[in-house]
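[1] Sequence and predicted model, in that order:
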Amino acid sequence: MPSTPLDRQLVSVKPLTVPTTGRSVPLQVKVTAPIDGDKLPIIVFSHGNAWSMDGYEPLAERWAAAGFVVVQPTHLDSRRNRIGFDDPRFASIWRVRIADLHAILDHLGDIFDQVSGLPARADHNRIAIAGHSWGAQTTGALLGARVLDAAGTPGENFSHPAVKAGALIAATGTGDSLTPFAVEHLPFMRPGYSTMTIPALVVAGGKDQSAMSTRGPDWFTDAYHLSPAPKRLLSIADGEHTLGGIAGEAVKETTDEDPARVALVADAVSAYLLDVLGLDATPWQALEKQATDSSGTFTIDTK
C-alpha cells in the first residue's frame, strides 16, 4: 500500500456547528487535520446510516496523516438523533443529508475559523467529497448523480461547483433490484449515474451482499460502470460492506475485521485524490503496481 506517515501529529476539533435553515437538529461537524503543512486539500466525508462524526476514525486520521483536512458531519439519521423508519422526518433525510454537505461546503471558511491556525493552511481550490454506503449515495449526488423516480425520471441536480473529485465507498447500485423492504422504506435508493461527470474513485467489496438488493456484490460497482469517464474502480476481493472495519475498530457492523483492508481503502482514497487533484501521482502509481502484484487480492480498473 502507499506509504502514509502515521506518526504525523494531528489535531481534531469538535463539535463545530454549521449554519443551516429548516433542520430539526443543529448540524455539527468534526475537523481533523495535520498540525503542520500548507495548502492542505480538503475531504468532506458523509457517514453511513446511523453513524456520526465520531465514526470512521481509521479513515479520517489516515487521510489527515496523508495531508488532508477532513470534515465529518453528523447527519440526521445518526443513532444519537433516534429517528427511525416510522418518524415523519425519515422520508426526507436523504435530502437533508445532501443539504448538510452543501451547507458545509458553503461555510468551510466559517468552520475552519474555529480551528486555530487552520484557515491559512487549507486549500479551498482542492476540495473532494467521500462517503460510505448511504454516505456514498449522498456524495454521489454532489458529484452529479440524480435520484430516479419509479418511472426512471431523473430528479434535481444537486452537484456543487466547489467539488473537484470524489470517492464512493460501497455505493448504492441501481434501483431495479431493490428488495420489498427497500422499496417501502428507501424509495430514494435509485441513483442514476449517467450524469455523474465529476472524477471519482469507486470502492467495492467482492463479498458485499446487500440486504437491500437481490443482486450480488456487482451491485456496488454500478457507480463505476454506469457513470461517464473519468472514473476508477478499486475492487477488493474479500471485502464485505464495511471493508475490514472502516467505521471503527471492533464495531458491531463489521463482518470482515481486517486492519490491513481498512488501511488499503484509506490509502487508496488519499492516493487517488492526491493524483486527481494534481498534487502527487506517486502514491497512486505505487498502488497500481501493488494491485498487479497482489494475485487478485485487489484490482484497479480505469476509464
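    Received it, and whenever you're ready, just let me know what you need.
[2] Please report how far Ile83 lies from Ala50.
    10 Å (CB to CB, to the nearest Å). Glycine gets a C-beta too; all of them are placed from N, C-alpha and C.
[3] whoops, I mixed them up, Gly135
    With CB to CB as the criterion, Gly135 and Ala50 are 11 Å apart.
[4] which secondary element of this structure has the worst mean pLDDT?
    helix 180-185 (a mean of 90; mean pLDDT, DSSP states H and E).
[5] I'd like the next helix or strand past it.
    strand 191-192 (DSSP states H and E).
[6] so how far is that following strand off the chain centroid?
    From the chain centre to the centre of strand 191-192 is a distance of 16 Å (CA atoms, centre = their mean, to the nearest Å).
[7] Parallel or antiparallel, which strands does that strand pair with?
    In the sheet, strand 191-192 lines up against strand 146-147 (antiparallel) (DSSP bridges).
[8] which stretches of the stretch 101-250 of the chain form helices?
    Taking DSSP state H, counting those that start in this stretch to define them, one finds helices in the stretch 101-250 of the chain at 108-112, 134-142, 180-185, 222-225.
[9] Going by neighbour count, list what's buried in the least confident helix or strand of the chain.
    Under the neighbour-count criterion of 16 or more other CB atoms under 10 Å, helix 180-185 has 182, 185 buried.
[10] Show residues contacting it.
    85, 90, 189, 211-213 (CB atoms under 8 Å, 6 or more residues apart in numbering).
[11] before we move on, the earlier item: by mean pLDDT, show me the worst of the helices of the stretch 101-250 of the chain.
    Lowest mean pLDDT of the helices of the stretch 101-250 of the chain: helix 180-185, a mean of 90.
[12] would you put the C-alpha positions of that one in PDB?
    Taking C-alpha atoms only, helix 180-185 is exported to PDB below (Å, rounded to 0.1, in the frame of the first residue of the first chain):
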ATOM      1  CA  PRO A 180     -39.600  -5.000  -0.900                       C
ATOM      2  CA  PHE A 181     -38.300  -3.500   2.400                       C
ATOM      3  CA  ALA A 182     -36.100  -1.100   0.400                       C
ATOM      4  CA  VAL A 183     -38.900  -0.200  -1.900                       C
ATOM      5  CA  GLU A 184     -41.100   0.700   1.000                       C
ATOM      6  CA  HIS A 185     -38.700   2.500   3.300                       C
END
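[13] mind listing the strands for the stretch 151-300 of the chain?
    Counting by DSSP state E, counting those that start in this stretch, one finds strands in the stretch 151-300 of the chain at the ranges 163-169, 191-192, 200-205, 231-236, 298-302.
[14] Please name whichever of the ones you listed is nearest to Arg79.
    Across the strands of the stretch 151-300 of the chain, Arg79 has its closest neighbour in strand 163-169 (19.8 Å, CB to CB).
[15] who does the closest one pair up with?
    strand 122-132 (parallel), strand 200-205 (parallel).
[16] Adding mean pLDDT and distance to Ala33, write these out as a markdown table.
    Shown next, in a markdown table, are the strands paired with strand 163-169 (pLDDT from 0 to 100; distance: least, CB to CB, whole Å):
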| stretch | mean pLDDT | distance to Ala33 |
| --- | --- | --- |
| strand 122-132 | 98 | 8 |
| strand 200-205 | 98 | 21 |
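[17] Can you tell me which of the ones you listed is most buried?
    Of all the strands paired with strand 163-169, strand 200-205 carries the top mean neighbour count, a mean of 27, counting by mean count of other CB atoms under 10 Å.
[18] returning to what we had before: give me the distance between the least confident helix or strand of the chain and the centre of its chain.
    Using CA atoms, centre = their mean, the offset of helix 180-185 from its chain centre is 23 Å.
[19] And stretch 296-303, by the same measure?
    With CA atoms, centre = their mean, you get 19 Å for stretch 296-303.
[20] go on, stretch 54-71?
    12 Å.
[21] Also stretch 277-284?
    19 Å.
[22] tell me the average confidence for that stretch?
    On average, the pLDDT along stretch 277-284 is 97.
[23] Kindly check the end-to-end length of that stretch for me.
    12 Å (CA to CA, to the nearest Å).
[24] Any chance you could list what contacts that stretch?
    2-3, 41, 126, 128, 164-165, 267, 270-272, 274-275.
[25] Below-threshold pLDDT in the stretch 1-150 of the chain: ranges please.
    Across the stretch 1-150 of the chain, the ranges flagged by pLDDT under 70 are 1-5.
[26] residues touching Tyr56, list them.
    45, 47, 72, 132, 246-248.
[27] Which one of those is nearest to Asp256?
    Among these, and counting by CB to CB, the member closest to Asp256 is Ile246, at 10.5 Å.
[28] quick one: contacts for the closest residue in space to Lys39 that isn't next to it in sequence?
    In space, and not counting its chain neighbours, Lys39 is closest to Asp123: 4.5 Å by CB to CB, 6 or more residues apart in numbering. Asp123 makes contact with 39-42, according to CB under 8 Å, 6+ apart.
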